[in-house]
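>>> just need the structure, nothing else, for what follows:
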Amino acid sequence: MCPIKNISSENKHYVVRPLPIILALYIIGIIYGKFISIDLIFLFSIIILLILISIISFVKQWNVTTALLLLIIFLIGIFNYNLNSNPIGANHIANFIEDKKSNIICTVSDKKYFPNQDKISFKVKVSQIERGDFSIRT
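Just a heads-up that it's a prediction; the model follows:
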């Protein structure tokens, strides 16, 4: 007997449709992802581990395969939100700037002048960011 619930039925009045369930769990995972901050590599490792466990449970015909697959869909929703919500790295300047005075110690690596727009663009190599009693080397 297959441990995955049989979603096909001869009775047309009671048919379990998996797509709305999968979609609902994925959306709930995205919503929970906003409130749960988990390291992406750790979350990806958990998802891969659960996929391997669900494959083993399917082969050994354990009764937890469906629950594991639903949990994986939920975790993929969390993973997707966390992956796409913060496209910048942990050392990006936007993570350090607040309403406090900050000092950025850097060297100019490239300078471009745009005469038509009357603008200058700088690329800098930041070596240290200081803010109050907090200092980080990059």
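
>>> okay, now the nearest residue to Tyr81 once chain neighbours are set aside: neighbour count?
Using CB to CB, 6 or more residues apart in numbering and skipping the chain neighbours, the partner closest in space to Tyr81 is Gly33 (3.0 Å). From N, CA and C alone the C-beta is placed, and that goes for glycine too. Around Gly33 there are 23 other residues, counting by other CB atoms under 10 Å.

>>> what of the one 10 residues further on?
Residues lying near Leu43 (other CB under 10 Å) number 18.

>>> for the nearest residue to it once chain neighbours are set aside, what are its contacts?
In this structure, Leu43 finds its nearest non-sequential neighbour in Phe79, 5.1 Å apart by CB to CB, 6+ apart. By CB atoms under 8 Å, 6 or more residues apart in numbering, the contact list for Phe79 reads Gly29, Gly33, Leu40, Leu43, Phe44, Ile47.
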